[in-house]
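Student: Need the 3D shape of this:
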Amino acid sequence: MLRTSIAPVLCLCRLALAAASMSSIAAGLDYPPTPKQPVKDTYHGVTVTDDYRWLEDDASSEVKRWVTEQNAFSRRYLDAVRERPAIAKEVGELLRTAPVRRYDFHYRGGRLFAMKLQPPKNQPLLVVLPSSGDVRAEQVIIDLNTLDPSGRTAIDFYVPSYNGKRVIVSLSKNGSEAGTAYVYDVATGKRLADEIPGVTYPTAGGSVEWAPDGRGFYYTHYPQGNERPAEDRHFFQQVYFHRLGKPVAKDTYVIGKSFPRIAEIELKGNRNGTYLLALVRNGDGGEIGYHLRGPDGKWREVAGFKDGLKHLAFGDDGRLYGMSIKDAPLGRIIAIPVLQPSLANAHVIVAETKIVAENVQPARSRLYVTYRDGGPSVVKTFTLAGKPLGGLPTPPVSEVSVSTRLERDDVLVTTMSYVEPRTVSRFDARANRLVATQLNGRYPFNLDDAVVERAFAVSKDGTRVPVSIVHRKDMKPDGNNPTLLYGYGGYGLSMAPWFSPLMRLWLDYGGVYAVANVRGGGEYGEPWHLAGNLTKKQNVFDDFAAALEMLVARKITRAERVAIMGGSNGGLTMGATLVQHPQLVRAVVSEVGIYDPLRWELQPNGEFNTTEFGSVKDPEQFRAMYAYSPYNNARDGVAYPSVLFTTGDNDGRVAPYESRKMTARLQAASASANPILLRTEAAAGHGIGTALSTRIEEETDVYSFLVDQLGMKRFD
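Tutor: Model (predicted):
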């Protein structure tokens, strides 16, 4: 599944750039030689020439040599930036001294499990705490920094048993997300002999869930051995069952043979594990089906791909609660009896409102429903019959989520905004209030001098596009403020408010930070998503360009002082923007992005994305992709802005060759003296599981690049 774990990144820059301040290597732009080896393809009568197809071969010695030379070229450029040593120091200090943060909570066996980030450690720890969240009684189950001092082993996911005595952990290396499942004893931290290879992979992800007795577990299974041809190795995901202590060869098939080639399965049990829910995505386009396994061992289909059921969770009262967009585009909450698990037996609990219902978390006697309004979110509570009980008290323009359910009606709630750090609170349902916990660290600064504005840009077709703008209260709208605009636009994923400690640096350097909530995301529900996928993808890029123009029209900035940034699917937005509107920006940072959609579906993960982007096999979809393809629409002789492309050798979500080919094409095409750089990280993938030390190096390079292009003078 193509997702991005890269949160909106804030850069430390210096304004007042003069050509003379650019590193000396920029003037010559003596790029490593990249020969053209044209290959022609014909799609529906249209012949397309690909000059750099040879760069797709990861195993080629010529490609490896080329990557080494490009890295060396980028290294010379970045290392020559005058401010780089200071940037490296500040970024390193900020990230290594960030407070401890606990996240990804599970409550089972009367205890609270969590991942724990503890800088300057490279990787998080898996810990368990009392239900009270008392950190003094915290126990470390796995410390990856001891297990692998290199920092290259990551936890993909973990699931505790229902009694909390054991935990399944998927581990992968070098950012590959190719995970093997292991079982650990919680009390001792010792690993059992059970080992299940290939539980997860970047294409369809992976999932596990325990049997009620804790003596075995269900897991996602990719084709092994000779089960299918080699080209199907990362497709046809199914569910198998493993009994602890038994050989993997004796694991048994459970469900999945009838699922699509691009199925993505997620497993969830009810409170005691007597029921098992298999959520099945039809690739990444947003279609979801649900299958329920009861105590009798039989599977029943709850909903199919076309039924519009977007979320489903177990209640304690013998019902499943879900969010459905069937006849309700913005979503409504429904209930389905587990004894008759069919949409035919569903009834509406909470009707559709004017803002988007995203999901529902049932508790003992109430429902927690998350709503989103153009980016920010809120949580409202209802009785099980749908009577409103009020909303949770949270800051404006913030992200609010129910992290996990505790006992009775209590839940953990996580809140954050662009100017307020992530905070984990316990919602005491009886007292109807948020209670502080010990699960939060404390930063040695605040952002009281900042303000968050919500503005709207008007896109090419008249659509109003929300934009969040963060700036100092004393900012002057004189068109002279360096501004970083972040964008994504895909998969129904919303760009929610996100706190970064780098915001303090950005504000101190006089910067403005903005996020465009473009179509393709979920900010206004499934209609907003569908308005930016398949043949309507161009709307995403029009929205993003409109946000840029709005920032200029409001005299916040001007083109010479604008940088844009995006990653993964957001990299496609960056690529399309820089080839369609090169005059609108000064610098671009595009991370692990897609640039050649005509070749995208030939990658293993690309086929999963045909439900989001389309397929060249469909004439209409081909025409749409060809029209916006950054790689195919770069033009010779155009003065393109400065660009830094980043990728990782082990990226299984977006092939590194996407960045290689786009770099080669722009280096050959651009008529400007602006550098086109490629940074390939050998010990990383799509960004998930990257060691802290590697992340610091990557971000130092990003900031150095932007400083050299925009420049900023720190406020005293």
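Student: Show the subsequent helix or strand relative to the lowest-mean-pLDDT helix or strand in the chain.
Tutor: The helix or strand of the chain with the lowest confidence, counting by mean pLDDT, DSSP states H and E, is helix 25-28 at a mean of 49. Toward the C-terminal end, the helix or strand that comes next after helix 25-28 (DSSP states H and E) is strand 39-43.
Student: Please work out the average pLDDT along whatever helix or strand comes next after that following strand.
Tutor: Downstream of strand 39-43, the next assigned helix or strand under DSSP H and E is strand 46-50. The average pLDDT within strand 46-50 is 98.
Student: What separation do you get for the closest residue in space to K190 that isn't next to it in sequence and G164?
Tutor: Among residues not flanking K190 along the chain, Y184 sits closest, at 6.8 Å (Cβ to Cβ, 6 or more residues apart in numbering). Placement of C-beta: from N, CA and C, glycine included. As judged by Cβ to Cβ, to the nearest Å, Y184 and G164 stand 12 Å apart.
Student: And whichever strand or helix holds E607, how far out from the chain middle?
Tutor: Using DSSP H and E, E607 maps to helix 604-608. Helix 604-608 sits 17 Å away from the centroid of its parent chain (Cα atoms, centre = their mean, to the nearest Å).
Student: C-terminal to it, what's the next element?
Tutor: Downstream of helix 604-608 (by DSSP H and E), the next one is helix 610-613.
Student: what's near enough to touch S365?
Tutor: T383, L384, R408, D409 (Cβ atoms under 8 Å, 6 or more residues apart in numbering).
Student: Dump those residues to JSON lines, plus secondary structure.
Tutor: Shown next, in JSON lines, are the contacts of S365 (DSSP: H, G, I helix; E, B strand; the rest coil):
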{"residue": "T383", "secondary structure": "strand"}
{"residue": "L384", "secondary structure": "coil"}
{"residue": "R408", "secondary structure": "coil"}
{"residue": "D409", "secondary structure": "coil"}
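Student: Just the buried subset of the residues you listed, please.
Tutor: Among the contacts of S365, those scoring as buried are L384, D409 (criterion: 16 or more other Cβ atoms under 10 Å).
Student: biggest separation within the contacts of S365, which pair?
Tutor: Spatially, the most separated pair among the contacts of S365 is T383 and R408, at 14.1 Å (Cβ to Cβ).
Student: circling back to that earlier point, from the contacts of S365, which single one is nearest K536?
Tutor: Each of the contacts of S365 was scored against K536 by Cβ to Cβ, and L384 proved nearest at 38.4 Å.
Student: That closest one and D317 touch, don't they?
Tutor: Yes. Counting by Cβ atoms under 8 Å, L384 does reach D317; the two are 6.3 Å apart.
Student: between those two, what contacts are shared?
Tutor: Joint contacts of L384 and D317 (Cβ under 8 Å, 6+ apart) are P362.
Student: so where's the stretch 601-716 of the chain shaky on pLDDT?
Tutor: 716 (pLDDT under 70).
Student: just the helices in it please.
Tutor: Per DSSP state H, counting those that start in this stretch, the stretch 601-716 of the chain carries helices over the ranges 604-608, 610-613, 619-628, 630-633, 657-669, 692-709.
Student: and the residue lying closest to G109 once chain neighbours are set aside, backbone torsions?
Tutor: Spatial nearest neighbour of G109, excluding adjacent residues (Cβ to Cβ, 6+ apart): G164 at 2.0 Å. The phi/psi pair for G164 (degrees, to the nearest 10) reads phi 70, psi 10.
Student: tell me which residues form a beta bridge with N282?
Tutor: A263 (DSSP bridges).
Student: residues near it, how many?
Tutor: Each residue near N282 was counted by other Cβ atoms under 10 Å, and the total is 20.
Student: roughly how far apart are it and T647?
Tutor: Relative to T647, and taking Cβ to Cβ, N282 is found at 28 Å.
Student: any idea which element the residue nearest to E699 when sequence neighbours are not counted lies in?
Tutor: Leaving aside its sequence neighbours, E699 sits nearest to V91 (Cβ to Cβ, 6+ apart; 5.5 Å). According to DSSP H and E, V91 maps onto helix 84-96.
Student: Report all helices and strands that that helix contacts.
Tutor: helix 502-508, helix 692-709 (3 or more Cβ pairs under 8 Å, 6 or more residues apart in numbering; DSSP states H and E).
Student: Surely A193 is in contact with P247?
Tutor: No. The pair A193 / P247 is not scored as a contact, 10.1 Å apart, by Cβ under 8 Å.
Student: quick one, what contacts G273?
Tutor: Contacts of G273 by Cβ under 8 Å, 6+ apart are Y162, E209, W210, A211, P212.
Student: contacting residues around the fourth one?
Tutor: The one in question is A211. Contacts of A211 by Cβ under 8 Å, 6+ apart are F217, Y218, F241, G273.
Student: Mean neighbour count and distance to Q361 added to the helices and strands packed on helix 84-96, as CSV?
Tutor: As requested, the helices and strands packed on helix 84-96 are arranged in CSV below (neighbours: other Cβ atoms under 10 Å; distance: least, Cβ to Cβ, whole Å):
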stretch, mean neighbour count, distance to Q361
helix 502-508, 21, 29
helix 692-709, 23, 31
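Student: can those helices go into a markdown table with extra columns for distance to A86?
Tutor: Below are the helices and strands packed on helix 84-96 laid out as a markdown table (distance: least, Cβ to Cβ, whole Å):
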| stretch | distance to A86 |
| --- | --- |
| helix 502-508 | 11 |
| helix 692-709 | 9 |
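Student: for those helices, which one sits closest to I255?
Tutor: Closest to I255 of those is helix 692-709 (Cβ to Cβ; 38.1 Å).
Student: can you give me the angle the closest one makes with helix 84-96?
Tutor: 140 degrees (axes from the mean of the first three to the mean of the last three Cα atoms, to 10 degrees).
Student: Now do the same contact list for L598.
Tutor: D41, Y43, V48, V616, F622, M625, Y626, S629, N632.
Student: Go again with 7 Å.
Tutor: Counting by Cβ atoms under 7 Å, 6 or more residues apart in numbering, L598 touches V48, V616, M625, Y626, S629, N632.
Student: same thing with K310?
Tutor: For K310, the contact set (Cβ under 7 Å, 6+ apart) comprises I288, M323, S324, I325, G331.
Student: likewise V588?
Tutor: I564, M574, L578, P641, S642, V643.
Student: if we go to 6 Å?
Tutor: Shown in contact with V588 (Cβ atoms under 6 Å, 6 or more residues apart in numbering): I564, M574, L578, P641, V643.
Student: Can you tell me which of those residues is closest to A587?
Tutor: P641 (5.8 Å).
Student: I'd like to know how far T153 sits from D185.
Tutor: Counting by Cβ to Cβ, the gap from T153 to D185 is 19 Å.
Student: Ok, A230 next?
Tutor: 37 Å.
Student: Could you do L666 as well?
Tutor: Distance, L666 to D185, by Cβ to Cβ: 53 Å.
Student: who touches stretch 100-112?
Tutor: Contacts for stretch 100-112 (Cβ under 6 Å, 6+ apart): 113-118, 128-129, 131, 160, 162-164, 403-404, 406, 412, 439, 441.
Student: what is P466 paired to in the beta sheet?
Tutor: Assigned bridge partners for P466, using DSSP bridges, are F456.
Student: That one against G374, yeah?
Tutor: Yes. Between P466 and G374 there is a contact under Cβ atoms under 6 Å: 4.0 Å.
Student: Overlap of the contact sets of the two?
Tutor: N517.
Student: residues contacting the closest residue to D194 other than its chain neighbours?
Tutor: The spatially closest residue to D194, leaving aside those adjacent along the chain, is V183, at 4.7 Å (Cβ to Cβ, 6+ apart). By Cβ under 6 Å, 6+ apart, the contact list for V183 reads R166, I168, L192, D194.
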